[in-house]
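> This is a predicted model, with the sequence first.
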Amino acid sequence: MGRAEDEPAPLARGGGRAGGQHREVLRLAVPAFLALVAEPLFLLSDAAIVGRLGVAPLAGLGVASAVLLTAANVFVFLAYGTTAVVARQLGAGSRAGAISAGIDGTWLAVGLGTVTAGVVAVAADPVCRVFGASDAALDAAVTYLRISALGIPAMLVVLATTGVLRGLQDTRTPLVAAVGGFGANIALNLWFVHGLHWGIAGSAWGTVIAQTAMAAALAVVLVRHAGRDAVALRAHPGRVVAAARGGIPLLVRTLALRAVLLVTTWVAAGLGDVPLAAYQVTATIWTFLTFMLDALAIAAQALTGKALGAGQLDRTREATSLMLRWGLLVGVVLGVLLLLVRPWVGPLFTPDAAVQSAIAGALVVVALGQPLSGFVFVVDGVLIGAGDGVWLARAMAVVLLAYLPVVLGVHLAGDWLLEGGSRTGQVNAVMWLWIAFTVFMAIRGALMWARVRTDRWMVVGATR
């Protein structure tokens, strides 16, 4: 294991492998994109189906989704960290070691998911109350969250097994599982919510069942990989604990990121049900676009980890430069498309005219921020693939501290922005909330640019 020289270096050198790297990025990114959009599509379909029940259930879904995604996504290192570790082992020529690391991560997911599900179910009411939503929205949020907690173990197993397969340079299998899960989620939600009239509880049950089926399918694939390479499936407590310890930096990074999202949701809830409902829809759309851009980050994780595992520094630089260009280009395209379709987005989620207006206004800000998002997510993927978790944790903590006064400024200015509760005031409030969030992304992007321009994140070998 060694470290490259610690001085700034060009992001790309040479061009002989450019065509091959384009194809390799596409081979990984396209299936990853289609699989990644399944999660926000779960939320988009939930929002569209629940939105027909009224403003309060939609606002309640916004609160519950924020808590549920936080409870699950703080453990995103189960996917990201596993991808990097498995890819490094594969690049170093140890396929059995790669699969063994993946099994350790999956057992860790089962343990963490079981504990987290119990905590979320018990604490659903007090946690949702923190957001300050109306009583009607609170009842809907608690109902959705308590049922959805049952699906958290499956959500974490999906993260871990997907990370293993990505590290093995296979993004197609998670795609198949995601398409099946998404289709089942829509069908079950429509049946439970509007067919059986279970209300928001039906939406939660449909998502839990779909997530569990996805986890089971991916676990079967991992078992087959282990069988082909004669890797034992039993848990090794020491290695599982080591996997947990190795994921701590990414856990800290993700906790800071989730804190940003939770504080933003809290500010939205304090602005009233209409701004909160509009923020829920626009945040779900932002998440959808994020996962589209994150497909490039997934390719970056897999390619960076494999290249560094094989000691190929030049290939790492070339791939980084290529994917950064792609991230910016895709961000521009997504922003333009969102500006074009935004007048028709609101009616897809709610019949309420005030919420529709707030959604349309906020989407202008979301669209303009997409190129910045493309840059940030690609660099994040490169650094995760390189195992640069300690730096990412420190940087995200700094960004969180810088963001808090910005978003709290929107909170303090809430009454002034709302202008007595008028529709224009509600639109302005949600737009300023998204402007504050764009400032967060700009600070994050500046720190990442400063890091990726150096070679300090490039450590070669099977382990970092």
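In hand now; what should we look at?
> in terms of contact, does Val376 touch Ala446 like I think?
No - counting by C-beta atoms under 8 Å, Val376 does not reach Ala446; the two are 9.8 Å apart. In short, each C-beta sits where N, CA and C put it, glycine included.
> Show me which of these two is the more surrounded one.
Val376 (25 against 11; other C-beta atoms under 10 Å).
> Rounded mean pLDDT for stretch 51-67, please.
The average pLDDT for stretch 51-67 rounds to 83.
> Now that stretch: buried residues?
Neighbour counts over stretch 51-67 (16 or more other C-beta atoms under 10 Å) mark 51, 53-67 as buried.
> Then stretch 313-329?
The neighbour-count check on stretch 313-329 (16+ other C-beta under 10 Å) flags 313, 315-324, 326-328 as buried.
> Show me which of those is closest to Tyr279.
Of all the buried residues of stretch 313-329, the one with the least separation from Tyr279 (C-beta to C-beta) is Gly327, at 25.3 Å.
> Doesn't that closest one belong to a helix?
Yes - counting by DSSP: H, G, I helix; E, B strand; the rest coil, Gly327 is part of a helix.
> so it sits right up against Ala295, yeah?
No - using C-beta under 8 Å, Gly327 makes no contact with Ala295, being 10.1 Å away.
> Pro351: what secondary structure?
coil.
> next one: phi and psi at it?
In terms of degrees, to the nearest 10, the main-chain angles of Pro351 are phi -90, psi 0.
> From the structure, what's the count of residues near it?
Pro351 has 12 nearby residues by other C-beta under 10 Å.
> Let me see the contact set for it.
Neighbouring residues of Pro351 by C-beta atoms under 8 Å, 6 or more residues apart in numbering: Arg52.
> What ranges in the protein fall below the confidence cut-off?
Counting by pLDDT under 70, the ranges of the chain that qualify are 1-22, 36-44, 239-240, 242-244, 420-421, 460-464.
> Please, where are all the strands along it?
2-3, 459-460 (DSSP state E).
> so who does Ala35 touch?
Residues in contact with Ala35 (C-beta under 8 Å, 6+ apart) are Thr162, Thr171, Pro174, Leu175, Ala177, Ala178, Val179.
> correction: Gln280
With contact set as C-beta under 8 Å, 6+ apart, Gln280 has these partners: Ala47, Leu58, Ala59, Leu61, Gly62, Ser65, Ala268.
> any idea how far it is from Met155?
Distance of Gln280 to Met155, given as C-beta to C-beta, to the nearest Å: 19 Å.
> and what of Val127?
For Val127, the distance to Met155 - C-beta to C-beta - is 17 Å.
> Neighbour count: these two, which is higher?
Taking neighbours as other C-beta under 10 Å, Val127 and Met155 compare with Met155 leading, 27 against 20.
> Quick check: chain neighbours aside, which residue is closest to the more buried one?
Nearest residue to Met155, sequence neighbours excluded (C-beta to C-beta, 6 or more residues apart in numbering): Ala72, at 4.5 Å.
> Is there a neighbour count for that neighbour? I'd like the number.
Residues within reach of Ala72, counting by other C-beta under 10 Å, total 28.
> Surely Leu78 is in contact with Gly111?
No - Leu78 lies out of contact with Gly111 (C-beta under 8 Å); the separation is 10.9 Å.
> Of those two, which one has the most company?
Shown here are Leu78 and Gly111; by other C-beta under 10 Å, Leu78 has more neighbours (31 against 14).
> What's the separation between the more buried one and Gly118?
18 Å.
> Kindly report the same for Glu419.
Glu419 sits 44 Å away from Gly118, going by C-beta to C-beta.
> got it, and Ala79?
Applying C-beta to C-beta, the value for Ala79 to Gly118 is 22 Å.
> Who has more neighbours out of these two?
Higher neighbour count among Ala79 and Gly118: Ala79, with 28 against 12, using other C-beta under 10 Å.
> who's in contact with that one?
Residues near Ala79 by C-beta under 8 Å, 6+ apart: Leu159, Ala160, Thr162, Gly163, Arg166.
> Dump these to TSV, plus neighbour count.
Shown next, in TSV, are the contacts of Ala79 (neighbours: other C-beta atoms under 10 Å):
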residue	neighbour count
Leu159	26
Ala160	30
Thr162	29
Gly163	31
Arg166	30
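> Turn the residues you listed into JSON lines, including distance to Gly381.
Compiled in JSON lines, the contacts of Ala79 are given as follows (distance: C-beta to C-beta, whole Å):
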{"residue": "Leu159", "distance to Gly381": "15"}
{"residue": "Ala160", "distance to Gly381": "18"}
{"residue": "Thr162", "distance to Gly381": "14"}
{"residue": "Gly163", "distance to Gly381": "13"}
{"residue": "Arg166", "distance to Gly381": "11"}
